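**Student:** Model the following, please.
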Amino acid sequence: MNARAKITLLTFFFAMCGTVALITAWLQQRADENVKPADLYVVVERQLGDLRGGDFMHAYEYASQAIQARYSEEQFAAMVQTQYPGLTNVCRVEYGEVRAHGSHATMQVYLVDPDGGIMPCVYMMVHEGGLWHIDGARLMAPFPPNMRMDGTTL
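**Tutor:** Predicted structure coming up:
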């Protein structure tokens, strides 16, 4: 193969790689745009409602496959009660920014207790089997007492 054929072949190869990269980025952006924050809110609201009612087994159904592989229903209930005790007495939930990344999303959630205390939290979500599931939650430091949170309540 002469030098001209090699250059042509390499140019074609790089052009194809560039085209595939552009198409992939476009498809990823479209997938991210199709994530409806309301779909994520429903999952969090339902799980928190079950936790408030003490129905840990039903709350377990909203956990991702990875969480369910790591914890049995009983272990999940014990983990929530020990590591996330505030989740069982949340009286109001407010939502912040949602960031979608294909089949994954993160969202800011503000958990308000009956005394008005605010616990910020980041929820990690995953789209599995046509539904969104909770793949983890990271509690942040609570807001100082009497700190007001600005924004819209959903």
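**Student:** Under the pLDDT cut-off, which ranges of this structure? List them.
**Tutor:** Counting by pLDDT under 70, the chain contains low-confidence residues at 10, 12, 14-15, 17-33, 146, 148-154.
**Student:** could you dump the helix or strand that contains Asp135 to PDB, C-alpha only?
**Tutor:** Take DSSP states H and E as the rule and Asp135 turns out to sit in strand 131-139. Taking Å, rounded to 0.1, in the frame of the first residue of the first chain, the C-alpha atoms of strand 131-139 are listed here in PDB:
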ATOM      1  CA  LEU A 131     -38.500   3.200  35.800                       C
ATOM      2  CA  TRP A 132     -36.400   5.500  37.900                       C
ATOM      3  CA  HIS A 133     -35.000   4.000  41.100                       C
ATOM      4  CA  ILE A 134     -33.000   5.500  44.000                       C
ATOM      5  CA  ASP A 135     -29.300   4.400  43.700                       C
ATOM      6  CA  GLY A 136     -28.100   6.300  46.800                       C
ATOM      7  CA  ALA A 137     -28.500   9.400  48.900                       C
ATOM      8  CA  ARG A 138     -25.900  11.500  50.600                       C
ATOM      9  CA  LEU A 139     -27.100  13.600  53.500                       C
END
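**Student:** what's that strand packed up against?
**Tutor:** helix 37-52, helix 65-70, strand 104-112, strand 118-128 (3 or more CB pairs under 8 Å, 6 or more residues apart in numbering; DSSP states H and E). (Each C-beta comes from the backbone N, C-alpha and C, glycine too.)
**Student:** Distance to Ile134 added to the ones you listed, as TSV?
**Tutor:** Below are the helices and strands packed on strand 131-139 laid out as TSV (distance: least, CB to CB, whole Å):
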stretch	distance to Ile134
helix 37-52	6
helix 65-70	7
strand 104-112	10
strand 118-128	6
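**Student:** Domain map for this protein?
**Tutor:** The record assigns the chain these domain ranges, following automatic domain parsing: 1-34, 36-154.
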